[in-house]
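Colleague: the sequence and its predicted three-dimensional model are supplied below.
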Amino acid sequence: MRSKNNNPYAKAAGAYDQNAQQNTPDQRELEGRVLLKSARMMQDLVSDWENRTSEILEATLLYNRQIWMLFYDTAIENPEGNRPNDLRSNIINLANFIFKRELEILSNPQKDKLSVLININKEVAAGLLTGQKAPPPQPSQAPPPAAGSSTNIEG
């Protein structure tokens, strides 16, 4: 019987796990990349609008809709999650706008209507890829008074 350290399957699983941890982006980065891919697909569609087919248009909008359905479902299904209510509400409202705009585009295809979807995806992706802002300073770490300020709160 082989010891655990000599098991080639255990070594392979360990190597896979280590590689996955090192090379898998975090959730925010992954979401940002997917949104940028969708924006790029829509931009390519706009750039070659004369040669588009209804199948390409439908597939491009379906890809975008699937992304936003995930965001929408997560916002709806996780009210106690780690997202503030304002953020959840904004995600739901944005998703509803996107779904409505996609239906408008499918019923009356016009390339100008895609620009707002492209911009939304780029802006949200930029926020996701930028990372979170630093938390505000704690009361014990209050910033020093501004230069020239005569206010002394330390007594």
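Modeller: Yep, it's here.
Colleague: going by C-alpha atoms from here, please, whenever you check contacts or count neighbours.
Modeller: Noted.
Colleague: any idea how far K100 is from L57?
Modeller: In this structure, L57 lies at 15 Å from K100, with C-alpha to C-alpha, to the nearest Å as the measure.
Colleague: more neighbours: those two, which one.
Modeller: Neighbour tally, L57 and K100, criterion other C-alpha atoms under 10 Å: the higher count belongs to L57, 18 against 11.
Colleague: tell me who's in contact with the more buried one.
Modeller: L57 sits next to L45, L106 when contact means C-alpha atoms under 8 Å, 6 or more residues apart in numbering.
Colleague: quick one, grab the pLDDT at it.
Modeller: At L57 the predicted local confidence, pLDDT, stands at 97.
Colleague: just checking, which helix or strand succeeds the helix-or-strand element of the chain with minimal mean pLDDT along the chain?
Modeller: Within the chain, no helix or strand scores below helix 8-23, which has a mean of 65 by mean pLDDT, DSSP states H and E. Later in the chain than helix 8-23, the nearest helix or strand by DSSP states H and E is helix 27-47.
Colleague: next, the buried residues of that following helix.
Modeller: Along helix 27-47, the positions that meet the burial threshold by neighbour count (16 or more other C-alpha atoms under 10 Å) are 28-29, 31-43, 45-46.
Colleague: same check on stretch 115-126?
Modeller: Taking 16+ other C-alpha under 10 Å as the neighbour-count basis, stretch 115-126 is seen to contain the buried residues L117, I118, N121, K122, V124, A125, A126.
Colleague: hang on, I92 packs against Y72?
Modeller: Yes: distance between I92 and Y72: 5.4 Å, which falls inside the contact criterion (C-alpha atoms under 8 Å).
Colleague: among the buried residues of stretch 115-126, which are in helices?
Modeller: When those are checked against helices (DSSP state H), the matches are L117, I118, N121, K122, V124, A125, A126.
Colleague: gap between the second one and D26?
Modeller: Meaning I118. Distance of I118 to D26, given as C-alpha to C-alpha: 23 Å.
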